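Student: The following block contains a protein sequence and its predicted model.
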Amino acid sequence: FGQFVVEELEARGAVVVTAGRNRPLWRDGMHAHVDLSDANSVSSLPRAAGDVQRVVHLAAAVPLRAADDDPERMIVLNELSTVRLIEAYGSGLERFVLASTAEVYGGVPGPRPAVGEDQPVDPPSAYATSKLAAEMQLRLAAVRLGIGWAALRYTVLYGGHDRIARAIPAFITDALGGKQPTVVGGEEQRDYLHVREAARATALAATSRSSGVYNIGSGRTTTIYEAALAIADMVQPGLGVEVVPKPEPGVHVTLDVRRAERDLGFRAEHHFPWGMEEQLEWQRARL
């Protein structure tokens, strides 16, 4: 994801410095070393990165499996890292953009209207809770320091390099193995967005003058069954999908994305399953 954000920013004329514990394999440009779990390392980042006007904070602890959703780790690497980065730069920044998640809304059984940014939140995990806390820390600091800010609540992203144990990678793995993807229930609605589209939204947020929380999605809904069937047909036409009854009502999450279009100028140009071939090839190479 970071690679695509860098490409989008550079296409808009920005000079980008990446920062992290490891130098990205996809980038030959300027890079500064920082360990977000180490307060001293973060405080030294401005000296290492040089004169920076805008920070796009994409780094996060994202649980690859439910067992990885450790509260302390989420707090340190998601909430506290955000606080440290803001404090390191202070009022010298023009803008700070935070990668958050639509998971902060939780989910309710059965279909419901698209969720807007001002509606109640109900984070269902330590990860989502830490992201919501990071948003609140950013809002408070931005007001205090007088800097622009944006917290981006991304919907379900897909594309190459996805290592998280979730539905789309699982469907692809099954289909590539000649097995029908298994869907439990399947009627649940989701908004799937390709990572390249999410990267474009992120670059627009970094260059915008509007501040606030923004839902980043495609603006369209797809059922989990429809997603699995589309993937199965792309891998092997006629393969089909196995549907297993779900004992309890499924959870639906769809987003109202009008604020991002109004303030950031972002509107998805491509919709699921656009770009799925890239993820298929990436996972096929790792079988």
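Tutor: That came through fine. Note that this is a predicted model, so its numbers are computed, not measured.

Student: okay, CA-based contacts and neighbour counts for the rest of this
Tutor: Fine.

Student: Report the separation between the residue lying closest to Arg220 once chain neighbours are set aside and Arg262.
Tutor: When the adjacent residues along the chain are set aside, Arg220 lies closest to Asp191, with 5.9 Å between them (Cα to Cα, 6 or more residues apart in numbering). Counting by Cα to Cα, to the nearest Å, the separation of Asp191 from Arg262 is 19 Å.

Student: Name the residues of the host helix or strand of Asp263 that are buried.
Tutor: In the assignment (DSSP states H and E), Asp263 maps to helix 258-264. Buried residues in helix 258-264, counted by 16 or more other Cα atoms under 10 Å: Arg258, Arg259, Ala260, Asp263, Leu264.

Student: wait, which of these is closest to Leu93?
Tutor: Closest to Leu93 out of the buried residues of helix 258-264 is Leu264 (19.2 Å), distances taken as Cα to Cα.

Student: distance of that closest one from Arg84?
Tutor: Leu264 is 26 Å from Arg84, by Cα to Cα.

Student: So for Val104, what's the nearest residue that isn't a sequence neighbour?
Tutor: Pro123 (4.2 Å).

Student: That neighbour: what's it in contact with?
Tutor: The neighbours of Pro123, taking Cα atoms under 8 Å, 6 or more residues apart in numbering as the test, are Glu103, Val104, Tyr105, Gly106, Thr129, Leu132.

Student: For the spatially closest residue to Thr223 that is not a sequence neighbour, give me phi and psi.
Tutor: In this structure, Thr223 finds its nearest non-sequential neighbour in Gln189, 4.4 Å apart by Cα to Cα, 6+ apart. Per-residue torsions, Gln189: phi -100, psi 140 (degrees, to the nearest 10).

Student: Make TSV out of the buried residues of helix 258-264 and add pLDDT.
Tutor: Shown next, in TSV, are these (pLDDT from 0 to 100):
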residue	pLDDT
Arg258	98
Arg259	98
Ala260	98
Asp263	98
Leu264	98
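
Student: For those, give me a markdown table that also has distance to Leu138.
Tutor: Below are the buried residues of helix 258-264 laid out as a markdown table (distance: Cα to Cα, whole Å):
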| residue | distance to Leu138 |
| --- | --- |
| Arg258 | 22 |
| Arg259 | 19 |
| Ala260 | 18 |
| Asp263 | 19 |
| Leu264 | 18 |
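
Student: what's the closest of the residues you listed to Arg163?
Tutor: Using Cα to Cα, the buried residues of helix 258-264 come closest to Arg163 at Ala260, 27.3 Å.

Student: how about that closest one, what does it touch?
Tutor: So Ala260 contacts Tyr214, Asn215, Ile216, Phe266, Arg267 (Cα under 8 Å, 6+ apart).

Student: Closest one of those to Arg163?
Tutor: Ile216 (20.7 Å).

Student: so that closest one makes contact with Leu152?
Tutor: Yes: with contacts counted by Cα atoms under 8 Å, Ile216 reaches Leu152, the gap being 6.3 Å.

Student: neighbour-wise, which of those two wins?
Tutor: Ile216 (32 against 24; other Cα atoms under 10 Å).

Student: Chain neighbours aside, what residue packs nearest to the more buried one?
Tutor: Tyr154 (4.7 Å).

Student: doesn't Thr101 make contact with that neighbour?
Tutor: Yes: counting by Cα under 8 Å, Tyr154 does reach Thr101; the two are 4.8 Å apart.

Student: so what's Leu287 up against?
Tutor: With Cα under 8 Å, 6+ apart, Leu287 has no contacts at all.

Student: can you list contacts of the helix or strand containing Glu197?
Tutor: Using DSSP H and E, Glu197 maps to helix 195-207. With contacts defined as Cα under 8 Å, 6+ apart, helix 195-207 is touched by 1-2, 4-5, 8-9, 54-56, 95-97, 150, 152, 154, 157-159, 216-217, 264-266, 268-270.

Student: what's the single longest helix in the protein?
Tutor: Using DSSP state H to assign secondary structure, the helix with the most residues in the chain is helix 126-145.
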